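Participant: A structural model of the following input is requested.
(one chain, ligands or ions: 1)
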Amino acid sequence: MSTTPGNVHNKNWNFYRVGLTGGIASGKSTVANLFAALGVPVIDSDVIAREVVAPGTDGLKAVVAEFGADVLQPDGSLDRRQLRTVAFASDARRHRLEAILHPRIGAAMEAQCREAGGPYQLLVIPLLVEAGLVDRVNRVLVVDCSEDIQRQRLMVRDGETAAGVERLLAAQVNRQSRLMKADDVLVNNGSLHELKQSVASLHTGYLRLASSASGNNLNMANH
Ligand code: ADP
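Facilitator: Numbers count the residues shown, from 1 in each chain. Model (predicted):
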């Protein structure tokens, strides 16, 4: 769990950004809550992805214009299951959906980052590696656990069957390719107590990195 400086060149946001990612049920939400308890603002791409297509948004209007009113529930909110069925029927349709969603999610994340303040910010992006968003953050933190533990947690948390678990795991990006992008790896095979201690030690490192990054920016501004 080293905290040597990551690639911070040309990443002069107002706040230092740590991107948190990991496989399904690896512990991302649990880890995000531990950072939040230490006072770190958490910006969650899954939450934002729902917000940009909430009723009344221009995102929802664009989705309906593209895929038809069948993707709405009777109350006017998005029927996600129906949208998945319609939009994932071909690559071209999926790309059209992504062309609607991704710019809106990106813009909303940037807006939340500008607002959130904090000593540094934690951006929870489950698809950080898959979506090629690694250069949107200063540092990549991957939470990882063994596949056996991941299977157990999925069954307990989501009541998944063994077959369902295998399907979910097969749909995920290769664990090794995710780990290759990591600046820090948080191994979550142990107890919550151990996880909390690891988060506290990463937090200390990130505070240091964030303050030296802002010092560098200050120096640059003074030259
Ligand atoms: P993710 O957000 O990556 O999908 P979660 O944080 O929801 O994963 O964790 C998956 C499940 O495993 C949750 O029910 C969570 O409470 C549990 N969990 C996570 N880490 C631990 C741990 N170290 N010890 C015990 N349970 C854990």
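Participant: going forward, measure contacts between C-alpha atoms and count neighbours the same way
Facilitator: Fine.
Participant: Buried residues in stretch 106-118, which are they?
Facilitator: For stretch 106-118, the neighbour count (16 or more other C-alpha atoms under 10 Å) marks 106, 108-109, 112-113, 116 as buried.
Participant: Alpha carbons only: can I get it in CSV?
Facilitator: Written as CSV, here are the backbone C-alpha positions of stretch 106-118 (Å, rounded to 0.1, in the frame of the first residue of the first chain):
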residue,chain,number,x,y,z
GLY,A,106,-19.1,13.7,-17.0
ALA,A,107,-20.4,17.2,-16.8
ALA,A,108,-22.4,16.5,-13.6
MET,A,109,-19.4,14.8,-12.0
GLU,A,110,-17.2,17.9,-12.8
ALA,A,111,-19.9,20.2,-11.3
GLN,A,112,-20.1,18.1,-8.1
CYS,A,113,-16.3,18.0,-7.8
ARG,A,114,-16.2,21.8,-8.1
GLU,A,115,-18.8,22.2,-5.4
ALA,A,116,-17.6,19.5,-3.0
GLY,A,117,-14.4,21.0,-1.6
GLY,A,118,-12.5,18.9,0.9
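Participant: so how far is it off the chain centroid?
Facilitator: 14 Å (C-alpha atoms, centre = their mean, to the nearest Å).
Participant: now stretch 194-211
Facilitator: 18 Å.
Participant: What average pLDDT does it get?
Facilitator: When pLDDT is averaged along stretch 194-211, the result is 97.
Participant: cool, and stretch 63-74?
Facilitator: 97.
Participant: pull the CA atoms of it into PDB?
Facilitator: Output in PDB follows, covering the C-alpha atoms of stretch 63-74 (Å, rounded to 0.1, in the frame of the first residue of the first chain):
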ATOM      1  CA  VAL A  63     -33.400   9.000 -24.000                       C
ATOM      2  CA  VAL A  64     -37.100   9.000 -24.800                       C
ATOM      3  CA  ALA A  65     -36.400  10.900 -28.100                       C
ATOM      4  CA  GLU A  66     -33.900   8.200 -29.100                       C
ATOM      5  CA  PHE A  67     -35.600   5.000 -27.800                       C
ATOM      6  CA  GLY A  68     -39.300   5.800 -27.600                       C
ATOM      7  CA  ALA A  69     -41.800   6.200 -24.700                       C
ATOM      8  CA  ASP A  70     -41.700   2.500 -24.100                       C
ATOM      9  CA  VAL A  71     -38.700   3.000 -21.900                       C
ATOM     10  CA  LEU A  72     -40.800   4.900 -19.400                       C
ATOM     11  CA  GLN A  73     -42.800   3.500 -16.500                       C
ATOM     12  CA  PRO A  74     -46.400   4.600 -16.000                       C
END
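Participant: Alright, calling it a day.
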